[in-house]
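Colleague: need coordinates for the below:
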Amino acid sequence: MKQSGVFMPTAETSNNCLADQLLTQSGYVQETSEGMYAYFPLAGKVLDNMKQVIRREMESAGILEVNLPYEQFEHATGKSDEMILLSFIAKEVISSNQLPISMFHIKQHVRTSVKSTRDLSLLYAKEYSLMSGYSFHTDVIEAKANGTKLLNVFSSIINKIGIPYRVIECINDNGNTEYEFIAFSECGKETIALSTTSSYAAKAELAEAMLEEELQSKKIKKAEKISGRDKSIEILAKSLQLEKAQTIRALLYEFNEKPVLVLLRGDHELNELKLKKIFGTSEIRLMDSKEVEEILGVGQKNIGPVQLPFGLPVYADHGISTVVNGICGANEKDTFLLNVNPERDFAVDHYVDIRLVREGEPSPDGNGILVFRQGVTFARIIEPEPVFSKINVANKESLEVLTGYYYMDLTRLFGATAEHYSDALGLKWPIQLAPYDIHLLIEDGEDEIQQQLATELHSVMKAYRYGVLYDNRDVSAESKQRTSNQLGVPVQVVVGKDAIAGTVKVTYRTVGETHVWQKEEVTEKLQEFFRTE
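Modeller: Model prediction:
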C-alpha cells in the first residue's frame with residue numbers, strides 16, 4: 001500500500017496520557033470531542049488484529065461469536081442481550097442436555113460513568129468497543145468450572161497480545177467471585193499493590209494489612225489524664241515526643257441508624273471501603289460534631305474509647321492492639337488520656353482490618369514488600385450468581401438457567417497495548433498486531449536507481465504476501481524516518497544512496513537492530529525474522 005493513499009492525519013494532544021500522545025501524533029486516532037475518538041485506517045487494522053486473536057482463542061474454547069442489535073435497540077425494547085439470547089435458547093434447545101452454551105459479541109458502547117473532563121482519555125473514552133460474553137448453565141458446579149476455563153482463555157488472549165497484566169480475584173457486592181484483568185498505565189486511576197517477589201496483586205484499597213507484632217518489651221506505664229486545651233491529639237503527642245503510632249484516633253460512624261466507635265492508629269489511614277465490607281453495607285456515615293456531642297457529651301477532638309455509653313460497639317483496626325503507652329481522647333472537655341493501653345484501659349469489641357496499606361509494607365502473602373503501580377481494569381469475568389432465569393424449553397421442559405458474564409474492553413486494551421509497545425521514538429508494534437509487516441522507505445524519490453530498487457523490493461515483498469506500507473511521499477528522508485519510527489511497523493527497509501551497490505538498510509523496530517543487506521538477501525532474512533518472532 002502506498003503511504004500517500006493511507007489517511008493518517010496527525011496532531012498534538014493536550015492529553016497527558018501516553019496512549020493519546022502516541023496514537024494521535026502518528027495518525028492512528030484523534031479526539032473529536034470530549035471523550036470521543038475517530039479511529040483512522042491504521043488503528044482499524046490494529047484493532048482488527050486484536051479481534052482476530054480474541055476470535056481464535058474463544059473459538060478454540062468452543063465459544064462462538066454472535067452479532068446482536070445495537071445498544072439503542074435494547075433501550076427501545078427494554079430487552080437486554082441476555083434476554084435476547086435466552087429467548088432464542090428457549091426456542092431452539094430441546095432439553096437440558098444441550099446446555100451449557102457460551103456466546104460472545106463485539107459492539108460499541110457508551111460509557112455513562114465519566115465524572116469529569118479529567119477522566120477523558122483513550123483509556124476512559126466515552127465510546128468504547130466491548131467484547132461481551134454470556135454462558136448459560138443448568139448446574140452450579142459446571143458454571144463455576146466454566147469460569148475457570150474462561151480465566152485460562154482470557155489469559156491466553158492477553159499472553160498472545162503480549163502485554164504485562166495481573167489478574168485480581170475479588171468478591172463483588174453480591175458475594176460472587178470476580179476476576180479482574182489489570183493493565184499497567186500511568187493514566188490508570190486504580191492503584192495496584194504488587195509484591196516485589198511473588199505474584200501477589202490486589203487493588204491497594206482492598207489489600208489486606210499485615211498484622212504487626214506487639215511491643216511486649218516496653219514497660220507499661222500508669223495512665224493519667226492531661227490537659228490539652230485548644231490542642232489536637234496530633235499536636236499534643238508531638239509536644240510529648242510521642243510517635244504517631246502511639247496516638248489513637250476515634251471516629252463515630254453511623255451504621256444501620258446506630259452509632260459505632262471506630263479506632264485507628266494515628267499513623268494509619270482509614271479505609272471506608274473495608275469498613276463497609278465489615279458492616280456488610282454500602283452505606284455508612286461519619287457523624288458530625290453536633291451528633292458526637294449528643295452521644296458522647298464532648299467535642300470531636302476529645303473523643304476516645306474510654307467512659308463510653310453502655311452498648312456502644314467499638315471496632316478497632318488491628319494496629320490498635322500494638323499501641324503501648326499511647327494517647328487518646330478522654331471523653332472529657334479539653335482532656336486526653338496518656339499512657340493508655342488497649343484491654344487494660346479500654347475494651348475493644350472487634351479487631352478488624354480497616355486501614356489502607358502503604359507502599360513498602362510487607363506483602364500480605366508473606367513474600368516481599370508492596371509496591372504501588374497505576375493500572376486500569378480492561379477485562380472482567382463474573383462467576384454466575386445463584387439466581388436462575390426460568391424458561392420453557394421448546395414448550396416442553398421448564399428449565400432454571402444460570403448465566404455467567406464476561407467482558408473485555410478493547411478500547412482500553414488498545415490504549416494500554418500502545419503504551420507498552422513504545423519507546424522515546426514512538427510506537428513499535430509486534431508482528432501479531434502491527435497494521436503492516438514492513439515499512440518501505442525511499443530516501444530520494446527523484447533518484448532513478450533508488451526508485452527502481454524500491455519498486456523491485458515492493459513487488460517481491462507483495463509476492464511473498466507481506467503487508468507493505470510504501471512511503472512514496474515527496475518529503476525529506478528525515479521526515480520519512482521520523483514518521484516510520486512513530487508508526488511502529490515491525491520492519492523498516494530503507495532504500496538510500498547505497499542502492500547503486502544493491503544494498504539496503506533494514507531495522508527491526510521491535511528490537512532496535514539495524515542491518516545492511518544485499519537486495520538478494522532481503523526476502524530470505526525477512527522470512528527468518530517473521531518465522532522466529
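Colleague: how about the strands in the stretch 301-450 of the chain?
Modeller: 314-317, 326-332, 335-340, 350-352, 370-382, 389-393, 397-409, 422-423, 426-427, 438-442 (DSSP state E, counting those that start in this stretch).
Colleague: now do the helices in this protein.
Modeller: 18-25, 41-60, 71-77, 81-92, 140-161, 233-239, 272-279, 289-296, 410-420, 448-463, 477-487, 522-532 (DSSP state H).
Colleague: dump the fifth one to PDB, restricted to CA.
Modeller: Included here for helix 140-161 are C-alpha records, laid out as PDB according to Å, rounded to 0.1, in the frame of the first residue of the first chain:
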ATOM      1  CA  VAL A 140     -23.800 -24.600  39.500                       C
ATOM      2  CA  ILE A 141     -20.600 -26.700  39.600                       C
ATOM      3  CA  GLU A 142     -20.400 -26.800  35.900                       C
ATOM      4  CA  ALA A 143     -20.900 -23.000  35.800                       C
ATOM      5  CA  LYS A 144     -18.000 -22.400  38.200                       C
ATOM      6  CA  ALA A 145     -15.800 -24.700  36.100                       C
ATOM      7  CA  ASN A 146     -16.700 -22.600  33.100                       C
ATOM      8  CA  GLY A 147     -15.400 -19.500  35.000                       C
ATOM      9  CA  THR A 148     -12.000 -21.300  35.400                       C
ATOM     10  CA  LYS A 149     -12.000 -22.100  31.700                       C
ATOM     11  CA  LEU A 150     -12.700 -18.500  30.800                       C
ATOM     12  CA  LEU A 151      -9.900 -17.400  33.000                       C
ATOM     13  CA  ASN A 152      -7.500 -19.500  31.000                       C
ATOM     14  CA  VAL A 153      -8.900 -18.300  27.700                       C
ATOM     15  CA  PHE A 154      -8.600 -14.600  28.700                       C
ATOM     16  CA  SER A 155      -5.100 -15.200  29.900                       C
ATOM     17  CA  SER A 156      -4.200 -16.900  26.600                       C
ATOM     18  CA  ILE A 157      -5.600 -13.900  24.700                       C
ATOM     19  CA  ILE A 158      -3.600 -11.400  26.600                       C
ATOM     20  CA  ASN A 159      -0.400 -13.500  26.500                       C
ATOM     21  CA  LYS A 160      -0.700 -13.700  22.700                       C
ATOM     22  CA  ILE A 161      -1.200  -9.900  22.600                       C
END
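Colleague: between helix 410-420 and that helix, find me the angle.
Modeller: Between helix 140-161 and helix 410-420, the angle comes out at 40 degrees (axes from the mean of the first three to the mean of the last three Cα atoms, to 10 degrees).
Colleague: related to what we said a few turns ago, which one of the helices of the chain is the most hemmed in?
Modeller: Stretch with highest mean neighbour count among those: helix 410-420 (a mean of 25; mean count of other Cβ atoms under 10 Å). All C-beta spots, glycine's among them, are computed from the backbone N, C-alpha and C.
Colleague: who are the contact partners of the closest residue to Ser195 other than its chain neighbours?
Modeller: Take Ser195 and drop its neighbours on the chain: the residue closest to it by Cβ to Cβ, 6 or more residues apart in numbering is Ser363, 3.8 Å away. Shown in contact with Ser363 (Cβ atoms under 8 Å, 6 or more residues apart in numbering): Ser195, Thr196, Thr197, Ser198, Tyr200, Met210, Ile369, Leu370.
Colleague: hang on, the earlier thing: could you dump the helices of the chain to CSV with distance to Thr377?
Modeller: Converted to CSV, these look like this (distance: least, Cβ to Cβ, whole Å):
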stretch, distance to Thr377
helix 18-25, 15
helix 41-60, 17
helix 71-77, 20
helix 81-92, 20
helix 140-161, 12
helix 233-239, 36
helix 272-279, 16
helix 289-296, 37
helix 410-420, 8
helix 448-463, 40
helix 477-487, 29
helix 522-532, 34
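Colleague: out of those helices, which is closest to Pro435?
Modeller: Set against Pro435 and scored by Cβ to Cβ, those come closest in helix 41-60, at 3.7 Å.
Colleague: contacts for that closest one next, please.
Modeller: Outside helix 41-60, the residues that reach it (Cβ under 8 Å, 6+ apart) are 6-8, 23, 26-29, 39, 64-65, 104, 106, 129, 131, 133, 153, 156-157, 160-161, 408, 410, 413-414, 417, 429, 432-436, 487.
Colleague: no further questions, thank you.
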